[in-house]
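Visitor: from the sequence below, what's the structure:
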Amino acid sequence: MKTILTSILVLIAAISFAQEPPEKYQKIWNDINEGDGSYAQKELKKIIKTNPKDPWPYWLMGISFNPYQDQEASAYYEQAIAADSTFAPAYYNLGSCLQSDSVNYPRVEKLYSKAIELEPNDNHHYIARASLYEDWKKYDQAIKDCKIAKLIEPADCYFANKIIIQSLYAQGKMDDLRIFLKLNDPNAGGGPPDGEYQFFLGGLYEGWGEPEKACPFYQQAVEDTEFMLDIVDPGVLDEELEQYRSKVKAICK
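Guide: Presented below is the predicted three-dimensional model:
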């Protein structure tokens with residue numbers, strides 16, 4: 001179940017972070033965003049045959065695959081890099097595909113670092129590397145990258161704040177975490193529905209004896225999970241949803 005939800009959240013984040021392709025590829029890009037990957041792939045294969053040195057068609061092919069097809073997507077991101085070694089989006093997306101296996105962490109770090117080198121003003125590259133460092137338990141480096149990302153795009157801070165919060169918690173730095181939450185709204189900037197994260201935030205405030213602050217996060221956990229019920233198979237989230245609803249009944253007076 002967790003794998004299913006993680007894949008969906010990764011897909012949402014990947015689409016949100018993706019760069020806009022050139023105008024000539026907008027129709028294909030729109031088709032991919034609307035879920036018509038099979039049509040897009042047919043068109044892209046034709047384009048690749050006639051223009052094999054353009055990295056964008058390879059990158060779009062990679063984007064067109066679903067989250068369970070990392071191997072297929074990775075092959076096209078590799079080809080995009082082979083076509084143009086200065087094409088930052090391919091380094092970013094290839095890193096995203098490989099990050100699920102800890103064996104790949106050193107290579108993923110190099111891929112994200114290359115994307116940053118090529119596009120140092122893209123906050124998403126820093127967020128990607130921060131997420132790797134969080135998975136790798138290199139929490140201080142994760143926080144450092146998140147702070148850079150927030151300097152680049154202050155309004156686009158949801159994922160940066162989330163990684164900082166989780167990294168401070170993982171290190172047991174509760175005083176620093178409380179100070180950070182006093183100064184930052186953890187949901188600022190808006191992110192994908194994530195009932196588990198919202199429930200975690202509610203638990204922090206409940207543990208600190210602040211149920212009035214915990215309540216909105218527990219309510220959001222219910223809303224996000226109800227939303228996800230329209231995407232995943234029935235019954236997948238029933239246990240979590242019941243747990244979240246019970247908290248709302250107990251805490252939100």
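
Visitor: the helix or strand containing Lys144: which residues count as buried?
Guide: Using DSSP states H and E, Lys144 sits in helix 139-152. Buried residues in helix 139-152, counted by 16 or more other C-beta atoms under 10 Å: Tyr139, Gln141, Ala142, Ile143, Lys144, Asp145, Cys146, Ile148, Ala149, Lys150, Ile152. C-beta here means a position set from N, CA and C on the backbone, and glycine is covered the same way.

Visitor: might you report the residue contacts of the second one?
Guide: The contact partners of Gln141, taken as C-beta atoms under 8 Å, 6 or more residues apart in numbering, are Ala130, Tyr133.

Visitor: and the gap between Asn93 and Asn51?
Guide: 20 Å (C-beta to C-beta, to the nearest Å).

Visitor: okay, those two: which has more neighbours?
Guide: A direct count of neighbours by other C-beta atoms under 10 Å for Asn93 and Asn51 places Asn93 higher, at 25 against 11.

Visitor: residues in contact with the helix or strand hosting Asp176?
Guide: Assigned by DSSP H and E, Asp176 belongs to helix 174-183. If you take C-beta under 8 Å, 6+ apart as the criterion, helix 174-183 is touched by Ile164, Ile165, Leu168, Tyr169, Leu204, Trp208.

Visitor: switch to 7 Å and redo it
Guide: Ile164, Ile165, Leu168, Tyr169 (C-beta atoms under 7 Å, 6 or more residues apart in numbering).

Visitor: now the closest residue to the third one other than its chain neighbours: how far from Ala142?
Guide: To tie it back to what came earlier, the one meant is Leu168. Nearest residue to Leu168, sequence neighbours excluded (C-beta to C-beta, 6 or more residues apart in numbering): Leu177, at 4.2 Å. In this view, Leu177 and Ala142 are 14 Å apart by C-beta to C-beta.

Visitor: likewise Pro120?
Guide: For Pro120 relative to Ala142 (C-beta to C-beta), the value is 18 Å.

Visitor: how about the top helix by length along the chain: buried residues?
Guide: Counting by DSSP state H, the longest helix found in the chain is helix 211-228. By 16+ other C-beta under 10 Å, the buried positions in helix 211-228 come out as Pro211, Ala214, Cys215, Phe217, Tyr218, Gln219, Gln220, Ala221, Val222, Asp224, Thr225, Met228.
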